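Colleague: Here is my input; please provide its structure:
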Amino acid sequence: AYFTNSGSSKLFPDPNSLSEKIDDIIWHQDEPFGSASIYAQWCVFEKARDLGIPVMLDGQGADETHCGYNSFLRPYVSGQLRMCNFQSLWRNLKLLRPSTRKAAGSFLRGLLDLSTPTPLSNYFSSRKEEKRMKGWYFGRERLPSSSSMARQYNLRDHSAYMMNTGMRMLLHWEDRNSMAHSVESRVPFLDYRLMPLLFSLSDAERVEGGWSKSIIRKSMFGLLPDEVIHRQDKMGFVTPESIWAKNECRELYLRDLKELPECWGDLIGPGITESFGGFLRGEKEYNSIFWKILCLNRWRKIFGVSL
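Modeller: This next block holds a predicted model:
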């Protein structure tokens, strides 16, 4: 804020208020949502309204089109190997990965991807998805086919997938949260004049000199501090969900998860409640599926959905 001569306003979402506001948020969203980060975003727009800020700028689209997510690495390696850019790929991997060993692992993974037939690759991906969901909900026979199982041969494929899937949800959540507080949220990285240019860039131009978001970084020289421009760690817009679930929001989780057998029947497996109990006892790690099922059940009650 000091470097750009702008004001700074910090916000700390209160987990105790989540139980009070969750139904209102779900009503405005019109659907269940995947994590408590939507509550944090709700609090941001609530704060903006209190400060009298009518319009906000958001960074949606930057990660999807500029390789901000770690998932970009696999299609990037695959694309560079297909073009036989071995030397530049290895040079960039040593900068992108935290160690030479991990860089070599990514390189070998790319070679394996190229040598594995597409039907076989899709088969193993679908088996992994089934194993992840088994015993939780929607039984195996209800598993939908997912475009996430399709191969991505380069960064253009990866960006297209991210824009057609996750971006739709992100824009929906943001629009509902902002409009609930009469705040207009604008997304300059998704400008219709910018998107065709970004999709026309080569993989080498998107990951130049071993830097993800290389175009944004270069454009910000002199406008942002060097430590921000050259930051390497990736911080998502997340909340300490597991801590809240074990403490301030414990009863919120327990109340809704106990309703599952009666309200959802065989649609949601009984393992979810047992697993959450194991988490509370310190026997298991937190699983984001806990929140998803909690939110789904509250959505059912708010909109009177019956099975």
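Colleague: can you pull out the helices in the stretch 151-300 of the chain?
Modeller: 155-164, 166-179, 195-200, 203-206, 214-219, 226-229, 241-246, 250-257, 260-264, 271-280, 289-302 (DSSP state H, counting those that start in this stretch).
Colleague: So which elements touch the first one?
Modeller: Okay, so that is helix 155-164. Judged by 3 or more CB pairs under 8 Å, 6 or more residues apart in numbering; DSSP states H and E, helix 155-164 is in contact with helix 62-65, helix 73-82, helix 195-200, helix 203-206. The way it works is simple: take the backbone N, C-alpha and C, and place the C-beta from them, glycine included.
Colleague: Report the angle between it and helix 73-82.
Modeller: Counting by axes from the mean of the first three to the mean of the last three CA atoms, to 10 degrees, helix 155-164 points 150 degrees away from the direction of helix 73-82.
Colleague: between helix 155-164 and helix 166-179, how many degrees?
Modeller: Helix 155-164 runs at 40 degrees relative to helix 166-179, counting by the same axes, to 10 degrees.
Colleague: Going forward, count from 742.
Modeller: In the new numbering, first residue 742, that becomes helix 896-905.
Colleague: Buried ones in helix 896-905, by neighbour count?
Modeller: By neighbour count with 16 or more other CB atoms under 10 Å, helix 896-905 contains the buried residues Leu896, Arg897, His899, Ser900, Ala901, Tyr902, Met903, Met904.
Colleague: same check, this time on the third one
Modeller: When burial is assessed from 16+ other CB under 10 Å, helix 936-941 yields the following buried residues: Leu939.
Colleague: same check, this time on stretch 1007-1018
Modeller: Ile1009, Gly1010, Ile1013, Thr1014, Ser1016, Phe1017.
Colleague: from memory the fourth one sits against Glu1000, does it?
Modeller: No: under the criterion of CB atoms under 8 Å, Thr1014 lies out of contact with Glu1000, with a separation of 9.6 Å.
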